[in-house]
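Colleague: What shape does this take:
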Amino acid sequence: MTRHLNATGAIIALVVIVLLACSPQVILSEIIGATETQTPVVQVSTKIAQVATPLATATDTPMASATATSAPSATPIVGPTGTPTLPPLPLRTDLPTLALREWQRPANDNGRCMHFLPTGYFTPRDFEIQIPRLKGLQIRWVLALYADENQLRLAAQQFKAAGVVPVWRKTLRAYQRYYAWDRDIKILNEFGLPPYFQIYNEPEIEEEWEGREINREQWVGSFVQTAKDVYNAGGFVGLQLLDQDWLRLVIQEIKARKGERIFGRMFFVPHPYGANHPPNYTEDETSVLGFRMYADIFQKEIGFVPPFIAGEGGWKFKATDDNRFPIIDDKLHAKYHVELFNWFLTGKLSDGAPLPDYLFAFCPWILAGQMEGAAWYDSFEGNRELTIAEVKKLPPTATRKFSWSR
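Modeller: Predicted coordinates:
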């Protein structure tokens, strides 16, 4: 009998121990049969997470808050030496690297471009006015801003019908992010236009930060992430910078993230303004020939030079930056711009050097704008009638000659 009681006591003690090891919820569940919603256990993967790019609805333009200043972050990987490094960029592997001759260009390409308007908002009336002007100047390229997908769709339809290839620049400040590249590229695909996208504009200057402190590291992180998004969506990645050190840093960051595939579908957008210097001026970078210093950086850093499309540049009316040279009056404005556009017809730059194949187009600032003193049309300074007339005299059927087609 005692032996039986001892055995019974041992069993009871064992049950108590098991119950104490369980949570109160489990005990309650066992006693009254209640059910509980269990919190799922998240399995932590050793792979680098890829964050999906959200697509916006047709009436929404998603963008980071204007007050956001933090750079997009990636989870660091600790290397063998204990030094944290950023993970490789998750890039598609099915997109081919493009040689210069394989990039899409306009039919009857003459390298002639204009920066379109100073705003990303348009009306149908704008195109009724501006498209005939582009055709009259025999413009084959434009650099065009757009504010949202509705403006993009409107402009894309008009440019396509006019036989003009646009380089697009989303209105975006240096501290902001944008997440609808995939949708925007699909819109261009609908119209059969190549997906040239300039990402950000002059991020080194204060105006692009709107009172915030210029943060180079933040911008580099944002650009690299955005370049990844544009690349993966099938777009051409347009890099625009003024500062050569910023350019080197961006290239090195992409290489550090194993993102070299991006270079094979990247183009560069220099802003070679001539001040009041003549077209053959080479004393410093304030020259329409100033784009060549950036080409040297690309050659050194990645071994080749991608396409260049000068998105701004040329000569502003009444420029007087260098007192050694005369003011840019109507006569010089016309003479200099005709000489610039002739680069693409003669195959020679103003200093006698061969026109490099990588220079696809040059877009002087700016076609039209009432508040733009440099505008060729509608400016408060009047139209640049002499320049317009002289450019219209250039041979209408002449096309750009590349080294592989001469």
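
Colleague: which residues of the stretch 151-300 of the chain fall in helices?
Modeller: Using DSSP state H, counting those that start in this stretch, the helices of the stretch 151-300 of the chain run over residues 181-191, 216-232, 244-256, 292-302.

Colleague: for the second one, the distance to its chain's centre please.
Modeller: For helix 216-232, the gap between its own C-alpha mean and the chain's C-alpha mean amounts to 9 Å (Cα atoms, centre = their mean, to the nearest Å).

Colleague: what mean pLDDT does that helix have?
Modeller: Confidence over helix 216-232 (mean pLDDT, whole number) is 98.

Colleague: residues in contact with residue 92?
Modeller: 231, 232, 261 (Cβ atoms under 8 Å, 6 or more residues apart in numbering). C-beta here means a position set from N, CA and C on the backbone, and glycine is covered the same way.

Colleague: Surely it is within a helix?
Modeller: No: the assignment for residue 92 (DSSP: H, G, I helix; E, B strand; the rest coil) gives coil, which keeps it out of a helix.

Colleague: Now do it against residue 184, distance only.
Modeller: When distances are taken as Cβ to Cβ, to the nearest Å, residue 92 and residue 184 turn out to be 17 Å apart.

Colleague: Kindly report the same for residue 131.
Modeller: Residue 131 sits 22 Å away from residue 184, going by Cβ to Cβ.

Colleague: which of those two has more neighbours?
Modeller: Set side by side, residue 131 and residue 184 give different neighbour counts by other Cβ atoms under 10 Å, the larger being at residue 184 (25 against 16).

Colleague: my read: the more buried one touches residue 152, true?
Modeller: Yes: contact criterion Cβ atoms under 8 Å: residue 184 and residue 152 qualify, at 5.8 Å.

Colleague: Need the residues touching each of those two.
Modeller: residue 168.

Colleague: low-scoring pLDDT stretches of this protein, where are they?
Modeller: Within the chain, the stretches falling below the threshold (pLDDT under 70) are 1-84.

Colleague: make it 50
Modeller: 1-75, 77-81, 83 (pLDDT under 50).

Colleague: Give me the most central residue, it.
Modeller: The centroid of the chain falls nearest to residue 199 when counting by Cα atoms, centre = their mean (1.7 Å).

Colleague: measure that residue to residue 134 for me?
Modeller: Here the distance between residue 199 and residue 134 works out to 24 Å (Cβ to Cβ).

Colleague: and what of residue 282?
Modeller: In this structure, residue 282 and residue 134 are separated by 31 Å, where distance is defined by Cβ to Cβ.

Colleague: So those two - more neighbours on which side?
Modeller: When residue 282 is set against residue 134 and neighbours are counted by other Cβ under 10 Å, the residue ahead is residue 134, at 23 against 14.

Colleague: contacting residues for that one?
Modeller: By Cβ under 8 Å, 6+ apart, residue 134 lies in contact with 114, 142, 162, 164, 367.

Colleague: so how far is the helix or strand residue 389 falls within from its chain's centroid?
Modeller: With the criterion set as DSSP states H and E, the secondary-structure element containing residue 389 is helix 385-392. Between the mean C-alpha location of helix 385-392 and the chain-wide mean there is a distance of 32 Å, by Cα atoms, centre = their mean.

Colleague: Quick one: the strands in the stretch 301-406 of the chain, in order.
Modeller: 308-310, 359-362 (DSSP state E, counting those that start in this stretch).

Colleague: need the ones you listed in JSON lines with mean neighbour count and distance to residue 172, can you?
Modeller: Listed next are the strands of the stretch 301-406 of the chain as JSON lines, based on neighbours: other Cβ atoms under 10 Å; distance: least, Cβ to Cβ, whole Å:
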{"stretch": "strand 308-310", "mean neighbour count": "25", "distance to residue 172": "18"}
{"stretch": "strand 359-362", "mean neighbour count": "25", "distance to residue 172": "22"}
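
Colleague: if we compare those, which one ends up closest to residue 329?
Modeller: Taking Cβ to Cβ, strand 359-362 is the member of the strands of the stretch 301-406 of the chain nearest to residue 329, at 21.3 Å.

Colleague: In the stretch 101-250 of the chain, what residue spans correspond to strands?
Modeller: 113-115, 141-146, 165-170, 196-199, 236-239.

Colleague: Can you give me the buried ones in the fourth one?
Modeller: Neighbour-count burial for strand 196-199 flags 196, 197, 198, 199 (criterion: 16 or more other Cβ atoms under 10 Å).

Colleague: what number of residues lie near residue 173?
Modeller: The criterion is other Cβ under 10 Å. On that basis, residue 173 has 16 neighbouring residues.

Colleague: That one contacts residue 211, doesn't it?
Modeller: No: if you go by Cβ under 8 Å, residue 173 and residue 211 don't touch, sitting 10.6 Å apart.

Colleague: State the distance spanning the first to the last residue of stretch 261-277.
Modeller: 38 Å (Cα to Cα, to the nearest Å).

Colleague: how far is it from where the chain is centred?
Modeller: 12 Å.

Colleague: Reformat the strands of the stretch 301-406 of the chain as a markdown table; add distance to residue 392.
Modeller: Shown next, in a markdown table, are the strands of the stretch 301-406 of the chain (distance: least, Cβ to Cβ, whole Å):
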| stretch | distance to residue 392 |
| --- | --- |
| strand 308-310 | 21 |
| strand 359-362 | 17 |
